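*Asks:* After the sequence you'll find the predicted model.
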Amino acid sequence: MFTKIGQTQEESVRVWFEGCEMTVGKGLSVAAALLGEGITHFRNTPVTAAERGPFCMMGVCFDCLLVIDGQANLQACMVEVSEGMCIERQCGAADPELDPALAATANRGETTP
Amino acid sequence: MTKHYDIIVIGAGPAGMSASRTAAAQGARVLVLDEQSSPGGQIYRAIEKPHNQRRRELGSSYQDGVPLVHGFRQSELDYVNAASVWQLSADLEVGYSRDGIAQLVRADRIIVATGAQERPVPIPGWTKRGVMTVGAAQILLKESSVVASDAVFAGSGPLLYLAVHQYLELGVPVKAVLDLTPAKNYLGALPALFGARADFAKILEGWQWKRAIGAAGIPLLTGVDAVRISGEKSVESVDYRRRGEWQAITCDTAFLHLGVVPNINISMAAGCDCHWSHNQACWTVTVDDWFNSSVAGVSVAGDGVSIGGAAAAEAQGGIAALGALHALGRIDASERDRLAAAYRIRLRKEMGIRHFLDLLFRPADRLRVPREADTVVCRCEEVTAGQIRETLDLGCCGPNQLKSFSRTGMGPCQGRFCGHTVSELIGEASGLPISEVGYFRLRSPIKPLPLKELADLAHSSKE
């Protein structure tokens, strides 16, 4: 079980995760902030819908992908929390409707090289 | 108009900071691109936080980063944080994105200092949520003061014990430590101990960590030769085999670690020659004495070449920068050699212990190449070892054909967490040496890049 230690962050920001408001430390990555709140379920994989959460915390593994302020496929460990941020789980493949650029890719059946 | 620099350094860890500082000190126009929000790399992550500089529990070697970062900050250079580099072309053009905007920059020399990443730990259940790397535990601790209580640590190598020791110092309860170092390695590494004698203090420190963990009553189990993670959707237990018997430890978080491997994606995509290191069981970049790669104008330094640790990386960064400065005609050969001498002494000293550590902590074959058919190898596309072996039986002959046959390595991580396992699986099936098997052919963009950013880039370059 993840917890925060030491003195509580002096400055904080409010974010929404799956519609729930939470106050988290300013300057934290989205991944660290959510883990600190005890959240480990970040996404469901596109292939088998398996539940995944952060694995490497350094931008290598892409297991912490979330939808942040409407933009899909963002690495939660590489994005800093900001006031009013709206965070959602990424379920399955990124939803092309959220991003016209992604839709163009999906329509042509292309994927990451 | 594309900006032009004398030297672009990719990465602001020990090697990148040292290289850029050395280059800037000689008056070169230097750009440093780093993916993190602040300099330090993974080893000295978040070191600029005043709070961290007072944290004794992070260990003395962490504080070694303080003067390095300070010197970096004092240097006259352009430093761009939170920059995701997605291209390094053989004609020395670098593409990166920051805040959703892609840019191209050029330089006469490039120094790649991309550091290391965790070695894959392909054991059954390693994709379940609640399983993370020991490196991730360290990052959470340094950057965010987030810790996991009652976690199981499983793996091998100095970082495993450092991390557990840090938890111990902080009073964070640890459920158990499973040491996966093969028993035969202790005997095998013994002859290399003589070469490591100069670093006896480090070996002693490691031994003291181990002793403190045992003394604190944390179960420390050595001689564990197999591990798997059980649980329906997330971690429910870590199962391990010791002396032929399986046991289970209930927990909701497991940290795994089998050492680190060079982060080679940028170097490989640029076309730098690489070779397989048997002792380190990983791909390493082929470089000369000045850390020049096979691509003209591209040097690679630090753990992104082969694993040597932070102090060695710092020395290598300095040497690579001096080599680059000489190539640019900014210093003559005698000046280059004179300035490099201290770095070379330091590097030689650091490499003394390396051979010993490589032999001692080389992960067992069965931990690098999964035996169980249902173990996931490619985390992104969820391809198992069994599926890969079946594909190889069909006549698939190499990592690149394996991509087309099975999608292995084609997810967003672009092989970073399966490439090593795939090379070794193919080596095992074909009987070929790993260097001959090769690696995935890597291409730009080496980090996913929204098409919109690329389109905007084309538009802005026309203007």
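*Replies:* Great, that's in hand.
*Asks:* what's the neighbour count on the closest residue to chain A within the stretch 201-350 of chain B?
*Replies:* Proximity of the stretch 201-350 of chain B to chain A (C-beta to the nearest C-beta) peaks at residue B:233, 4.9 Å away. In short, each C-beta sits where N, CA and C put it, glycine included. A count of neighbours around residue B:233, defined by other C-beta atoms under 10 Å in any protein chain shown, yields 13.
*Asks:* Tell me if I'm right that it and residue B:130 touch.
*Replies:* No - using C-beta atoms under 8 Å, residue B:233 is not in contact with residue B:130, being 9.1 Å away.
*Asks:* coming back round to it: please tell me how far the residue of the stretch 201-350 of chain B closest to chain A sits from residue A:90.
*Replies:* Between residue B:233 and residue A:90 the distance is 16 Å, computed by C-beta to C-beta, to the nearest Å.
*Asks:* got it, and residue B:286?
*Replies:* Distance from residue B:286 to residue A:90, counting by C-beta to C-beta: 38 Å.
*Asks:* okay, these two: which has more neighbours?
*Replies:* residue A:90 (23 against 15).
*Asks:* Check which helices and strands the helix or strand harbouring the more buried one sits against.
*Replies:* Using DSSP states H and E, the element containing residue A:90 is strand A:85-91. When contacts are defined as 3 or more C-beta pairs under 8 Å, 6 or more residues apart in numbering or on different chains; DSSP states H and E, strand A:85-91 packs onto strand A:12-17, helix A:30-36, strand A:43-44, strand A:65-68.
*Asks:* how deep is residue 56 tucked in, by neighbour count?
*Replies:* Just so you know, I chose chain A. Neighbours of residue A:56 under the rule other C-beta under 10 Å: 24.
*Asks:* that's the other chain; I wanted chain B
*Replies:* Per other C-beta under 10 Å, the neighbour tally for residue B:56 reads 9.
*Asks:* Surely it and residue B:169 touch.
*Replies:* Yes - Residue B:56 lies in contact with residue B:169 (C-beta under 8 Å); the separation is 7.3 Å.
*Asks:* On the three-state scheme, residue B:136 is what?
*Replies:* Under DSSP: H, G, I helix; E, B strand; the rest coil, the three-state class of residue B:136 is helix.
*Asks:* For the stretch 1-150 of chain B, list the residues in contact with chain A, please.
*Replies:* Neighbours of chain A within the stretch 1-150 of chain B, by C-beta under 8 Å from any C-beta of the partner chain: B:35, B:37, B:42, B:51, B:82, B:84, B:117-118, B:127-133, B:135-136, B:139-140, B:143-150.
*Asks:* how about 6 Å then?
*Replies:* Contact residues, the stretch 1-150 of chain B versus chain A (C-beta under 6 Å from any C-beta of the partner chain): B:35, B:42, B:117, B:129-130, B:132-133, B:136, B:139-140, B:144-149.
*Asks:* Report the buried members of those residues.
*Replies:* Neighbour-count burial (16 or more other C-beta atoms under 10 Å in any protein chain shown) is assigned, among the residues of the stretch 1-150 of chain B next to chain A, to B:35, B:42, B:117, B:129-130, B:132-133, B:136, B:139-140, B:144-149.
*Asks:* nearest to residue A:50, of those residues?
*Replies:* residue B:129 (8.5 Å; C-beta to C-beta).
*Asks:* pretty sure that closest one is touching residue B:234, no?
*Replies:* Yes - using C-beta atoms under 6 Å, residue B:129 is in contact with residue B:234, at 4.6 Å.
*Asks:* For the stretch 101-250 of chain B, which segments are assigned as strands?
*Replies:* Along the stretch 101-250 of chain B, counting by DSSP state E, counting those that start in this stretch, strands occupy B:101-112, B:116-118, B:131-133, B:146-148, B:151-155, B:174-179, B:220-221, B:224-230, B:237-242, B:245-250.
*Asks:* Nearest to residue B:429, out of those?
*Replies:* When the strands of the stretch 101-250 of chain B are compared by C-beta to C-beta, strand B:224-230 sits nearest residue B:429, at 21.2 Å.
*Asks:* What is the burial count for the nearest residue to residue B:283 once chain neighbours are set aside?
*Replies:* Distances taken as C-beta to C-beta, 6 or more residues apart in numbering or on different chains place residue B:274 nearest to residue B:283, at 5.0 Å, with adjacent residues excluded. Residue B:274 has 22 neighbouring residues, counting by other C-beta under 10 Å.
*Asks:* Would you mind giving the secondary structure of residue B:446?
*Replies:* Three-state call for residue B:446 (three-state DSSP): coil.
*Asks:* I'd like to know how many residues surround it.
*Replies:* Residue B:446: 22 neighbours (other C-beta under 10 Å).
*Asks:* confidence score at it?
*Replies:* For residue B:446, the pLDDT comes out at 94.
*Asks:* correct me, but it touches residue B:263?
*Replies:* No - the pair residue B:446 / residue B:263 is not scored as a contact, 10.4 Å apart, by C-beta under 6 Å.
*Asks:* Give the buried residues for the longest helix seen in chain B.
*Replies:* Selection of the longest helix in chain B by residue count, based on DSSP state H, yields helix B:333-360. The neighbour-count check on helix B:333-360 (16+ other C-beta under 10 Å) flags B:336, B:339-340, B:343, B:346-347, B:350-360 as buried.
*Asks:* Centre of the chain to stretch B:227-237, how far?
*Replies:* Here stretch B:227-237 is found 26 Å from its chain centre; the criterion is C-alpha atoms, centre = their mean, to the nearest Å.
*Asks:* what does stretch B:312-324 give?
*Replies:* On C-alpha atoms, centre = their mean, the centre of stretch B:312-324 falls 18 Å from that of its chain.
*Asks:* which residues sit against it?
*Replies:* With C-beta atoms under 6 Å, 6 or more residues apart in numbering or on different chains as the contact definition, stretch B:312-324 has outside contacts at B:7, B:14-15, B:18-19, B:22-23, B:109, B:111, B:113, B:290-291, B:299, B:301-303, B:336, B:339-340, B:343, B:346-347, B:350.
*Asks:* likewise stretch B:60-72?
*Replies:* B:17, B:21, B:39, B:40, B:44, B:47.
*Asks:* If we use 7 Å, what do you get?
*Replies:* B:14, B:17-18, B:20-21, B:39-40, B:43-44, B:47-48, B:53, B:314 (C-beta atoms under 7 Å, 6 or more residues apart in numbering or on different chains).
*Asks:* hang on, the earlier thing: just say which of the helices and strands packed on strand A:85-91 is most tucked in.
*Replies:* helix A:30-36 (a mean of 27; mean count of other C-beta atoms under 10 Å in any protein chain shown).
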